[in-house]
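Novice: fold the following for me, if possible:
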Amino acid sequence: PLIVISGGMPRASYGDRHTVSIMQGDNHVVADLTSRVVDFLTINRADEKDAIETDRDDPQALVILAEEELVVLDLESESWPCFRLPYLNSVHSSAVTCSQHINDIPEQLWQKLIDAGDNQCKNFTHREWPINGGKNLVTPSVSKDLLLTGHEDG
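Specialist: I've put the predicted structure just below:
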């Protein structure tokens, strides 16, 4: 069975930390978050072959909502790595102090930016983001635009 608890670390050493402990057999992982944990839940993979009486399913991901971030762990991969977030910044980021919009970015530069971003994400799972829903109402753009932002903390 998979066991997920809020905390789980010795209070003397980690009393001021925000952690979620995940245990299954010999695999134990502690997620150390930057802000207070609000809630967590597992996303289960629906299996059409399960009997209707089946009470539970094998979890594929653990979603942890903290006050300043959302963390999703891949429970189907061996070391339970994080999913790459489908957006650039955490939910709570520092204030924007300046911005610059650049339109019509050349395709070669755009691809180099994509490659640089991918190189920073090697420790993340390669699986697709497990939360889906809604409709994308944005039509594909003919040109690539870039919004650069500066923040108060750098």
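Novice: strands of the protein, start to end?
Specialist: For the chain, the strands identified by DSSP state E occupy 3-6, 18-24, 27-33, 37-44, 59-66, 70-74, 96-102, 146-151, in order along the chain.
Novice: adding mean neighbour count, mean pLDDT and distance to L85, write those out as TSV.
Specialist: Any C-beta I mention is one placed from the backbone N, CA and C, and that applies to glycine too. Formatted as TSV, the entries for those read as follows, by neighbours: other C-beta atoms under 10 Å; pLDDT from 0 to 100; distance: least, C-beta to C-beta, whole Å:
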stretch	mean neighbour count	mean pLDDT	distance to L85
strand 3-6	14	88	20
strand 18-24	17	90	17
strand 27-33	14	88	14
strand 37-44	14	92	15
strand 59-66	19	92	12
strand 70-74	20	93	7
strand 96-102	9	90	18
strand 146-151	11	86	17
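Novice: of these, which approaches K112 most closely?
Specialist: In terms of C-beta to C-beta, the element of the strands of the chain nearest to K112 is strand 146-151, at 12.0 Å.
Novice: same for the closest one, what does it pack against?
Specialist: The criterion is 3 or more C-beta pairs under 8 Å, 6 or more residues apart in numbering; DSSP states H and E, and the helices and strands that strand 146-151 contacts are strand 96-102.
Novice: tell me what the strand it packs on is packed against?
Specialist: The helices and strands touching strand 96-102, judged by 3+ C-beta pairs under 8 Å, 6+ apart, are strand 146-151.
Novice: so what's the residue count around F83?
Specialist: 22 (other C-beta atoms under 10 Å).
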